[in-house]
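Peer 1: here is a sequence together with a model predicted from it:
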Amino acid sequence: MLAGKRILLIVGGGIAAYKTPELVRQLRAAGAGVSVVLTRAGAEFATPLSLSVVAGEAVHEDLFDVSKEAEIGHIQLSRSADLVLVAPATADLMAKMAQGLANDLASTLLLATDTPVLIAPAMNVRMWDHPATQRNLALLKGDGVRLVGPDVGDMACGEHGPGRMTQPEGIVAACADLLADGPLRGKRVLVTSGPTHEPIDPVRYIANRSSGAQGTAIARALAGLGAEVVFVTGPADVPPPDGVQVVRVETAREMLEAVQAALPVDAGVFAAAVADWRVARAATSKMKKEAGGLPSLEFAENPDILKTVSRMESGRPGLVVGFAAETDDVIAHATAKRDRKGCDWIVANDVSPATGIMGGSENAVHLITGAGVEDWPRMGKDLVARRLADRIATALGAG
Ligand code: CTP
């Protein structure tokens, strides 16, 4: 399952660390090479000797071990791995990761790595449920960190609930899932999603209707095919998918900035319902009724993100996919939109209220490419997403 893969295992300081020699044994039995980093607290529960025997190589313990640093720098240690696995991931290690601390070998490696990271949390149920841990977990998920467990069960401390580290076989299976070779492995894809909110004053805004459901499903499907996904989202109704890098924005101008910062990418999918206009001069304090009269708003045009990226002279993504939500003459409007904006494909749909598509779970789209128009049957938004992700993989020569 893991033949030819190298896993960097970081062992945190929890009672579950006693299972890590067995975890290393199973990872190696599945074909992986394993480098082990043992935190100081981890060494209280698992010995360097037992771990080095099962790993078949020396265990790394100290950031400032000069002799080892000369042989294999800590940056290289993290870069040479296909996957960084943190097991057990304690509340303390998760907090360090979420804050980007780098004060020992484990945390430094985690900050220096650009390989996928999988954590197997293990801690007391109250520590797991604590808002601070849940906050850190949300931050880590937003950074694209993947999670296996924790399982529910009896704990060493005598309590019952979520917090047990997943058994070694479950962790090995999660590693295999994460490293499975999808057709988009090695490709970087950008997805915009959700509405943008353009402030009128600190409490009021204008926006387009958008739940973010279709964009979220597309990001999930692309990640499922192995792509590295940067998900730039306005304030949507649905939570972002796991395993993608989430960049949250409010306004169209912030979205453009986040998109430009995410480049270069192999493909960009622009599913966001960006507000075309913003209020030229948003009030900095709440507009009061007592002031009398009716407010009149002056609008300014927002940047067209899809058009800006489509028309880039250098660094344009190889494939740019736009969306067109129309209420009449869907194909004609969408085809004109493709030409006007300069994108490669347009996914067009009819969002007139009678279709029930806006805010619903289904979609009926037409894919407009340089080769013509394809009418896809009405199906779930997740199926539309998977079909589109497959087409993107094929277009990038990876399908
Ligand atoms: N889009 C964008 N930036 C904008 C407006 C739209 O990136 N400021 C993108 C959307 O994400 C979508 C596509 O452009 O992929 C089509 O958006 P739409 O609002 O339908 O196009 P408009 O140019 O605003 O045309 P219309 O006159 O129909 O509103």
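Peer 2: Thanks, I have the structure now. Since the model is a prediction, treat every value here as computed from it, not as a measurement.

Peer 1: quick check, Ala138 in a strand?
Peer 2: No - counting by DSSP: H, G, I helix; E, B strand; the rest coil, Ala138 is located in no strand; its state is helix.

Peer 1: contacting residues for it?
Peer 2: Applying Cβ atoms under 8 Å, 6 or more residues apart in numbering, we find Ala138 in contact with no residue. Every C-beta, even on glycine, is put in place using the N, C-alpha and C of the backbone.

Peer 1: how close does it get to Pro240?
Peer 2: 10 Å (Cβ to Cβ, to the nearest Å).

Peer 1: what distance do you get for Ala385 to the ligand?
Peer 2: Per Cβ to the nearest ligand atom, to the nearest Å, Ala385 is found 15 Å from the ligand.

Peer 1: give the buried residues for the helix or strand in which that residue is found.
Peer 2: Following DSSP states H and E, one finds Ala385 within helix 381-395. Going by neighbour count (16 or more other Cβ atoms under 10 Å), the buried part of helix 381-395 is 381-389, 391-393, 395.

Peer 1: any idea how far that helix is from the chain center?
Peer 2: Counting by Cα atoms, centre = their mean, to the nearest Å, helix 381-395 is centred 18 Å from the centre of its parent chain.

Peer 1: please apply the same query to stretch 151-163.
Peer 2: 29 Å.

Peer 1: what's the average pLDDT for it?
Peer 2: What stretch 151-163 shows for mean pLDDT is 84.

Peer 1: can you list contacts of it?
Peer 2: 15, 121-129, 150, 164-167, 170.

Peer 1: now with 7 Å?
Peer 2: 15, 122-125, 128, 150, 164, 166 (Cβ atoms under 7 Å, 6 or more residues apart in numbering).

Peer 1: can you give me the end-to-end span of stretch 179-195?
Peer 2: 33 Å (Cα to Cα, to the nearest Å).

Peer 1: just give the number of residues close to Asp104.
Peer 2: Applying other Cβ atoms under 10 Å, we find 18 other residues in the vicinity of Asp104.

Peer 1: what do you get for Arg126?
Peer 2: 12.

Peer 1: just send the contacts of stretch 151-163 back as CSV, with neighbour count too.
Peer 2: CSV is the format used below for the contacts of stretch 151-163 (neighbours: other Cβ atoms under 10 Å):
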residue, neighbour count
Ile15, 17
Ala122, 27
Met123, 28
Asn124, 18
Val125, 18
Trp128, 20
Pro150, 23
Arg164, 24
Thr166, 23
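
Peer 1: and Met97, what element?
Peer 2: Secondary structure (DSSP H and E) places Met97 in helix 91-99.

Peer 1: next one: Leu27
Peer 2: Per DSSP H and E: helix 20-29 holds Leu27.

Peer 1: ok, and what's touching the helix or strand just after that helix?
Peer 2: Using DSSP H and E, the helix or strand that directly follows helix 20-29 along the chain is strand 33-38. With contact meaning Cβ under 7 Å, 6+ apart, strand 33-38 is reached by 6-11, 24, 27-28, 46, 48, 51, 55, 57, 59-61, 77, 81, 105-106, 109.

Peer 1: among those residues, which ones lie close to the ligand?
Peer 2: By Cβ under 6 Å from any ligand atom, no member of the contacts of strand 33-38 lies near the ligand.

Peer 1: could you list which of those belong to helices?
Peer 2: 24, 27-28, 48, 51, 55, 77, 105-106, 109 (DSSP state H).

Peer 1: farthest pair within those?
Peer 2: Arg28 and Leu105 (21.7 Å; Cβ to Cβ).
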